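Trainee: what shape does this take:
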Amino acid sequence: MKKVIIATHNKHKLIEFNHMLKPLGYEAISLFDLNYFTEIEETGTTFEENSYIKAQTIYNIFHMPVIADDSGLSVDALNGLPGIYSHRYSGENGDDKSNREKLILELKKIPESHFNAKFICAITYIDDAKTIKTLGILDGEIILEERGNSGFGYDPIFYLKDLNKTVAELGEEKKNEISHRHIALLKLTEELKSCNS
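Mentor: From the prediction side, this is the model:
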């Protein structure tokens with residue numbers, strides 16, 4: 001098995017990446033496994049830039065294949081916000097709930113009934129021979145009251161019209177099948193397959 005670093009400390013994310021990468025002959029390890037806890041400064045202005053910065057930073061330190069992702073929520077009525085600030089929308093010390101509350105408050109000021117939005121995930125893979133970048137997008141809309149209690153972040157207010165559910169009402173397994181990260185990761189595995197064939 002070829003080892004690949006996933007630039008995260010998130011155990012759930014590591015499991016998801018491992019599930020997709022193992023069939024290709026990769027064993028995913030996390031920054032936690034490498035005892036690396038230094039905060040990587042995300043100075044980019046897009047998900048793609050931040051994902052690349054994280055991947056390049058880790059590659060430069062460990063000189064091993066690395067995958068980094070950056071993701072968040074983009075709301076049309078707010079010109080793409082919260083965007084790259086999704087995780088700290090309500091401030092540096094904010095949490096998921098306060099981020100959702102701030103978003104709902106901002107949208108209540110706008111005289112529209114539907115708020116189109118998308119979850120976006122940018123993934124960067126770097127090894128000594130190549131760089132691969134992929135993007136996953138999940139379209140939906142923001143509702144102004146929370147529904148469902150699985151998931152995290154903006155899941156309870158991100159509504160999927162086709163399924164008549166918020167992401168927080170889907171359950172972990174279904175969410176992982178359709179998520180923006182899953183879409184980006186699927187594209188990455190296809191690229192890796194074609195590089196390795």
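Trainee: can you tell me how far the spatially most central residue of the chain sits from Ile58?
Mentor: In the chain, the residue lying closest to the centroid (C-alpha atoms, centre = their mean) is Ser71, at 3.4 Å. Going from Ser71 to Ile58 by C-beta to C-beta, to the nearest Å gives 17 Å. C-betas here are computed from N, CA, C, even on glycine.
Trainee: cool, and His9?
Mentor: According to C-beta to C-beta, His9 and Ile58 sit 12 Å apart.
Trainee: the two: which is more packed in?
Mentor: Higher neighbour count among His9 and Ile58: Ile58, with 22 against 13, using other C-beta atoms under 10 Å.
Trainee: point out where the chain drops to low pLDDT.
Mentor: Along the chain, the model assigns pLDDT under 70 to residues 197.
Trainee: would you map the strands across it?
Mentor: 2-6, 26-30, 66-75, 115-126, 131-142, 158-160, 165-166 (DSSP state E).
Trainee: let's have the ones you listed in a markdown table, adding distance to Ala184.
Mentor: As requested, the strands of the chain are arranged in a markdown table below (distance: least, C-beta to C-beta, whole Å):
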| stretch | distance to Ala184 |
| --- | --- |
| strand 2-6 | 13 |
| strand 26-30 | 15 |
| strand 66-75 | 7 |
| strand 115-126 | 4 |
| strand 131-142 | 3 |
| strand 158-160 | 17 |
| strand 165-166 | 21 |
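Trainee: what about the closest residue in space to Tyr159 that isn't next to it in sequence, neighbour count?
Mentor: Counting by C-beta to C-beta, 6 or more residues apart in numbering, Ile143 is the residue found nearest to Tyr159 once chain neighbours are left out, at 4.7 Å. Here the number of neighbours of Ile143 (other C-beta under 10 Å) works out to 17.
Trainee: how close does Asn60 get to Leu81?
Mentor: Applying C-beta to C-beta, one obtains 31 Å for the distance of Asn60 from Leu81.
Trainee: all helices for this structure, in order.
Mentor: If you assign secondary structure with DSSP state H, the helices in the chain sit at 11-21, 47-62, 96-108, 172-178, 180-196.
Trainee: among those, which is the most enclosed?
Mentor: Comparing those by mean neighbour count (mean count of other C-beta atoms under 10 Å), helix 47-62 comes out on top with a mean of 20.
Trainee: report the inter-axis angle for that helix versus strand 131-142.
Mentor: Our comparison of helix 47-62 with strand 131-142, counting by axes from the mean of the first three to the mean of the last three C-alpha atoms, to 10 degrees, yields an angle of 140 degrees.
Trainee: enumerate every residue touching Ala68.
Mentor: Applying C-beta atoms under 8 Å, 6 or more residues apart in numbering, one finds that Ala68 lies in contact with 6-8, 51-52, 54-55, 58, 123-124.
Trainee: what is the residue lying closest to the residue nearest to the centre of the chain once chain neighbours are set aside paired to in the beta sheet?
Mentor: Sequence neighbours aside, Cys121 is the residue nearest to Ser71 in space, at 3.9 Å (criterion: C-beta to C-beta, 6+ apart). Here Cys121 sits in beta bridges with Ser71, Gly136, going by DSSP bridges.
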